[in-house]
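Asker: For reference, the sequence and a predicted model appear below.
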Amino acid sequence: MSNEENKVTEEELDQIIEEVEKVEAAAQDAEAELEEIGDEKDAKIAQLEAALLTSEARIQEQQDGVLRAKAEVENMRRRTETEIDKARKYALNKFAEELLPVIDNLERAIQAADTENEVVKPLLEGVELTHKTFVDTVSKFGLKEINPEGEVFNPEMHQAMSIQESPDHESNTVMFVMQKGYELNGRVIRPAMVMVAK
């Protein structure tokens, strides 16, 4: 091979090397560009994932808030129903308390009347009928008499005015009722005043 042929070959070889270097540089540029695009995509994906997690957390908070609000509304509804029921049951409480002295006075009048006197008998019958009508009317609205004579003493319904020894009664038994008690729909509005055996 001659020098000239070698030269061409060297020139060609230099051109090939140059082209290979250009291709390598272009490949590196493309790789860097792809890496940059990949980094941008990864950053965008990470950003979207973070936004998704934030949105899911916000949705969970809102669902919890809705559940709490529903529970609070249900509790409020129950409380309101209970209060309305109590108001219905015990609306007459003050009124009933004011009527008790009237019932007591009618009973005292009946006890004090002379049943042997013919002049008083018609008057006594009128008072007894008035008392019966009165008691029947208030009992329709839930007012009940507490007359515990002979029963075991109950501090929730009875008020002990005195304690006496008695051979005829068991211990802790009501011997005598000084004043009847009353309850309205199961709630004591006036305890019975009693004498208890010891």
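Answerer: Here it is on my side, so go on.
Asker: can you pull out the strands in this structure?
Answerer: Applying DSSP state E to the chain gives strands spanning 143-146, 158-164, 174-179, 181-184, 187-190, 192-197.
Asker: Format these as CSV; extra columns: mean neighbour count.
Answerer: Using the backbone N, CA and C atoms, a C-beta is placed for each residue, glycine as well. Output for these, formatted as CSV (neighbours: other C-beta atoms under 10 Å):
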stretch, mean neighbour count
strand 143-146, 17
strand 158-164, 15
strand 174-179, 17
strand 181-184, 21
strand 187-190, 16
strand 192-197, 21
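Asker: Could I get those strands in TSV, plus columns for distance to R79 and mean pLDDT?
Answerer: Output for the strands of the chain, formatted as TSV (distance: least, C-beta to C-beta, whole Å; pLDDT from 0 to 100):
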stretch	distance to R79	mean pLDDT
strand 143-146	27	90
strand 158-164	33	88
strand 174-179	37	88
strand 181-184	22	91
strand 187-190	19	90
strand 192-197	33	90
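Asker: Of all those strands, which one is nearest A57?
Answerer: Distance to A57, taken as C-beta to C-beta, is lowest for strand 187-190 among those, at 50.6 Å.
Asker: Could you list every helix and strand that the closest one packs against?
Answerer: Contacts defined by 3 or more C-beta pairs under 8 Å, 6 or more residues apart in numbering; DSSP states H and E place strand 187-190 against helix 93-112, strand 181-184.
Asker: For stretch 93-111, could you pull out the residues that count as buried?
Answerer: 96, 99-100, 103, 106-107 (16 or more other C-beta atoms under 10 Å).
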